[in-house]
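S.K.: Give me the fold of what follows.
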Amino acid sequence: MSGVKAFPVILCADRFYMTEEAMNILRKAGKVIWAECKSESDLIQKVRETKPEVIISEYFRVTSQVMDASPNLKAIVVWGVGYNHIDVEAASKRGIYVVNTRGSNAESVAEHVFGLILCLARKILKSDNFVRVGKWITPEESRLPSELVANDLYGKTIGIIGLGAVGSCVARIARGFNMRILAYDPYISVEVAKERGAELVGLEELLRESDFVTLHVALTKETNGMISTRELNLMKPTAYLINTSRGPVIDEEALIKALKEKKIAGAGLDVFAKEPINLDNPLLKFDNVIVTPHCAGNSKEALEATSLAVGEEVARILKGQVPRNLVNRKQLEEVGSLRH
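M.R.: Numbers count the residues shown, from 1 in each chain. Now for the predicted structure:
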């Protein structure tokens, strides 16, 4: 019918969790299509056919070629926080919003961080195995092997690299253990760090002084491989490294070498250079490394909050509003494409 605006298309590039409440928000905002694509060419074809105004993606790469396939594209919404699979520069040049759900899983990830820290420091997995294989044969604590002697978190120093949504939650939890909290984040001030309970320091100082170093940064050109041989050599031999951000932030070969040479005490890793991790990866051979399958933000509460945030952001965009979690605000302002 002439003069009637077509219902906008919302294209889901891959499969991700959405609650019924979140799906209802999407359905009221536009026509939801699940792409079910296996390759970039599949997605490009689907975008050409449907001409979406919004693409939602958790892990599927959204390139400039995908963007150019739809003349209607207004935004790319990431299901989650990490957006390294989106060509942000290309989107900004085209005046396209790139949006994530910053903060929706922050509490979940922060709790996972401390789960890893406690397992490592308290030797929980080793102790569990000690009991299960029948080695616990005497009630005398003095007879327990030295490798089961744990470390308290109380009074220790935690170094947080990236004091954003997750890093701030980690700092709050650390205060409960009466830990000294150091933070490295070039994008915040000393005053903001202090408000979040942390002492802002340089990266080298943080690495030298921390008993636990935990990474909470987006994967960018600047952060790719930011923890490598030099940085690992600065850490205490009694210190642990925790990564729940993105695998490539750590130079994996350098980490393997540092663990072999006992440069650090161990690591807790939720993310890896290649995911899923290969079973022949040397990291799986160390008994002082705890690994989980990129699930730090996978609590029921976080999944619900993330899906709701996705639905609400898409609805805002299709109403002509500026999304709250705009990743490329600065770039859009620079090219004069930020719509108010």
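S.K.: Do you have the helices of the protein handy? List them.
M.R.: 20-29, 40-50, 64-68, 88-93, 106-121, 124-132, 165-176, 190-195, 203-209, 229-234, 252-260, 300-318, 329-334 (DSSP state H).
S.K.: got the contact list for Gly225?
M.R.: Counting by C-beta atoms under 8 Å, 6 or more residues apart in numbering, Gly225 makes contact with Pro248, Val249, Ile250, Asp251. No exception for glycine: its C-beta is placed from N, CA and C like everyone else's.
S.K.: can you check Leu207 too?
M.R.: By C-beta under 8 Å, 6+ apart, the residues touching Leu207 are Gly159, Val213, Glu231, Leu234, Met235.
S.K.: picking that back up, which of the contacts of Gly225 tops the neighbour count?
M.R.: Counting neighbours by other C-beta atoms under 10 Å, Ile250 comes out on top of these with 26 neighbours.
S.K.: that older thread, so can I have TSV of the contacts of Gly225 showing distance to Val314 and pLDDT?
M.R.: Output for those, formatted as TSV (distance: C-beta to C-beta, whole Å; pLDDT from 0 to 100):
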residue	distance to Val314	pLDDT
Pro248	29	98
Val249	29	98
Ile250	33	98
Asp251	37	98
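S.K.: phi, psi of the residue most central in space within the chain?
M.R.: By C-alpha atoms, centre = their mean, the chain has its centre lying nearest to Ser245, at 3.7 Å. Backbone geometry at Ser245, expressed as degrees, to the nearest 10, gives phi -90, psi -90.
S.K.: domains of this protein?
M.R.: Domains of the chain are assigned by automatic domain parsing as 9-104+301-334, 106-291.
S.K.: Point out where this structure drops to low pLDDT.
M.R.: Filtered on pLDDT under 70, the chain yields the residue ranges 1-5, 339-340.
S.K.: One more pass at 90, please.
M.R.: 1-6, 36, 140-143, 335-340 (pLDDT under 90).
S.K.: I figured Leu43 hits Ala13, correct?
M.R.: Yes. Counting by C-beta atoms under 8 Å, Leu43 touches Ala13, with 5.9 Å between them.
S.K.: Name the residues contacting each of those two.
M.R.: In contact with both Leu43 and Ala13: Ala35, Cys37, Phe60, Val62, using C-beta under 8 Å, 6+ apart.
S.K.: Distance-wise, check Leu123 relative to Leu116.
M.R.: Just to correct that, residue 123 is Lys rather than Leu. Separation of Lys123 from Leu116 (C-beta to C-beta, to the nearest Å) stands at 13 Å.
S.K.: Looking at those two now, which is surrounded by more residues?
M.R.: Between Lys123 and Leu116, counted using other C-beta under 10 Å, the more crowded position is Leu116 (24 against 21).
S.K.: does Asp287 really touch Lys126, like I thought?
M.R.: Yes. Asp287 is within contact range of Lys126, at 6.8 Å (criterion: C-beta under 8 Å).
S.K.: the more surrounded of those two?
M.R.: Between Asp287 and Lys126, counted using other C-beta under 10 Å, the more crowded position is Lys126 (16 against 11).
S.K.: Could you measure from the more buried one over to Glu199?
M.R.: 32 Å.
S.K.: for Ala90, same thing?
M.R.: The spacing between Ala90 and Glu199, counted by C-beta to C-beta, is 38 Å.
S.K.: Quick check: buried residues in stretch 286-298?
M.R.: For stretch 286-298, the neighbour count (16 or more other C-beta atoms under 10 Å) marks Asn288, Val289, Ile290, Val291, Thr292, His294, Ala296, Gly297, Asn298 as buried.
S.K.: Stretch 143-154 now?
M.R.: Residues of stretch 143-154 classed as buried: Leu148, Asn151, Leu153 (neighbour count, 16+ other C-beta under 10 Å).
S.K.: Could you do stretch 298-315 as well?
M.R.: Of the residues in stretch 298-315, 298-299, 302-315 count as buried by neighbour count, 16+ other C-beta under 10 Å.
S.K.: Redo the helices of the chain as a markdown table? Include distance to Arg143.
M.R.: Compiled in a markdown table, these are given as follows (distance: least, C-beta to C-beta, whole Å):
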| stretch | distance to Arg143 |
| --- | --- |
| helix 20-29 | 54 |
| helix 40-50 | 60 |
| helix 64-68 | 62 |
| helix 88-93 | 57 |
| helix 106-121 | 22 |
| helix 124-132 | 12 |
| helix 165-176 | 33 |
| helix 190-195 | 46 |
| helix 203-209 | 35 |
| helix 229-234 | 35 |
| helix 252-260 | 29 |
| helix 300-318 | 41 |
| helix 329-334 | 60 |
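S.K.: Among these, which comes closest to Tyr240?
M.R.: helix 106-121 (5.1 Å; C-beta to C-beta).
S.K.: Excluding chain neighbours, what is closest to Val201?
M.R.: Spatially, and ignoring its direct neighbours in sequence, Val201 is nearest to Leu182 (5.1 Å; C-beta to C-beta, 6 or more residues apart in numbering).
S.K.: I figured the one you found was touching Leu163, is that so?
M.R.: No. Between Leu182 and Leu163 no contact is recorded; they are 10.0 Å apart, counting by C-beta under 8 Å.
S.K.: Val54: how many residues sit nearby?
M.R.: The number of residues packed near Val54 is 29, by other C-beta under 10 Å.
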